[in-house]
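[1] this is the structure alone, sequence omitted:
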């Protein structure tokens, strides 16, 4: 079996330490990564490509996802009740908002009520996520935390602003516009940038 050189071991350590902060997890990932790389070297793959493939095999979304998954599983960060609340509020948000928009376009009665319910469910979903972000920031690494925070804040502003608009209350336009600007200028670019980076890692592997 091929043996890794000290320089190659340093590169492996540096690659893992740049993405993972937990020291014990780093040791385990380095050991597992070395095994994967040595197996690929035996098959004639060069070290650089073997390292890329090994990191991808550890987790297709990057090593930060490994640490996040471990953090969730060990500490049970998101209780089942909170998950159910998030899923159901998200589902009813999409259902009531789409129905409300249809009713408004068709000039049917009850459209405003459905839109109000939709924004209420949206606000509940965003509050749920906001609490998780504040209580457990270590579960969301770097740019992912910033992306999720911008999405949560924009969702809350949009929900509140739209509700104010339905009741013709003041500052409705300011809140709604602020939420949309935050969503389109921060959340959307970060979301597609991370998606693009993930696809690049997938193609390299």
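    Great, that's in hand. Every value quoted in this text rests on a predicted model; they were computed, and no experiment measured them. Residues are numbered from 1 along each chain as shown.

[2] quick check: next helix or strand after the helix or strand of the chain with the lowest mean pLDDT?
    Least confident helix or strand of the chain, by mean pLDDT, DSSP states H and E, is helix 63-75 with a mean of 63. Following the chain from helix 63-75 toward its C-terminal end, the next helix or strand by DSSP states H and E is helix 80-105.

[3] where does residue 3 land in three-state SS?
    Secondary structure state of residue 3, per DSSP: H, G, I helix; E, B strand; the rest coil, is coil.

[4] just give the nearest non-adjacent residue to it, would you?
    Of all residues not flanking residue 3 in the chain, residue 38 sits nearest, at 7.3 Å (Cβ to Cβ, 6 or more residues apart in numbering). Backbone N, C-alpha and C define where each C-beta goes, glycine included.

[5] likewise for residue 125?
    Leaving aside its chain neighbours, residue 125 sits nearest to residue 89 (4.4 Å; criterion: Cβ to Cβ, 6+ apart).

[6] what do you get for residue 45?
    residue 53 (7.2 Å).

[7] tell me the confidence at that neighbour?
    Looking at residue 53, its pLDDT is 82.

[8] what's the helix or strand for it?
    If you go by DSSP H and E, residue 53 is part of helix 47-58.

[9] check which helix or strand covers the residue lying closest to residue 29 once chain neighbours are set aside.
    Counting by Cβ to Cβ, 6+ apart, residue 29 lies nearest to residue 16, which is 5.1 Å off, once chain neighbours are set aside. Following DSSP H and E, one finds residue 16 within helix 6-17.

[10] and residue 125, what does it touch?
    86, 89-90, 93, 155 (Cβ atoms under 8 Å, 6 or more residues apart in numbering).

[11] of those, closest to residue 197?
    Nearest to residue 197 out of the contacts of residue 125 is residue 155 (Cβ to Cβ; 23.4 Å).

[12] quick check, residue 172 in contact with residue 164.
    Yes. Using Cβ atoms under 8 Å, residue 172 makes contact with residue 164 at a distance of 3.5 Å.

[13] got the buried residues for the helix or strand that contains residue 201?
    Element membership for residue 201 (DSSP H and E) is helix 188-204. By 16 or more other Cβ atoms under 10 Å, the buried positions in helix 188-204 come out as residue 190.

[14] which helices and strands sit right next to that helix?
    helix 47-58, helix 142-166 (3 or more Cβ pairs under 8 Å, 6 or more residues apart in numbering; DSSP states H and E).

[15] any idea which of the ones you listed gets closest to residue 99?
    helix 142-166 (14.9 Å).

[16] just the mean pLDDT for the closest one, thanks.
    Mean pLDDT, helix 142-166: 91.

[17] tell me, what residue is most central in this protein?
    In the chain, the residue lying closest to the centroid (Cα atoms, centre = their mean) is residue 144, at 5.5 Å.

[18] just checking, it touches residue 193?
    No. If you go by Cβ under 8 Å, residue 144 and residue 193 don't touch, sitting 11.1 Å apart.

[19] how is the protein divided into domains?
    Domain segmentation of the chain under automatic domain parsing yields 6-72, 79-204.

[20] now the weakest link among those domains, please, by mean pLDDT.
    domain 6-72 (a mean of 77).

[21] figure out how far that one is from the centre of its chain.
    Here the centre of domain 6-72 is set off from its chain's centre by 22 Å, with Cα atoms, centre = their mean, to the nearest Å.
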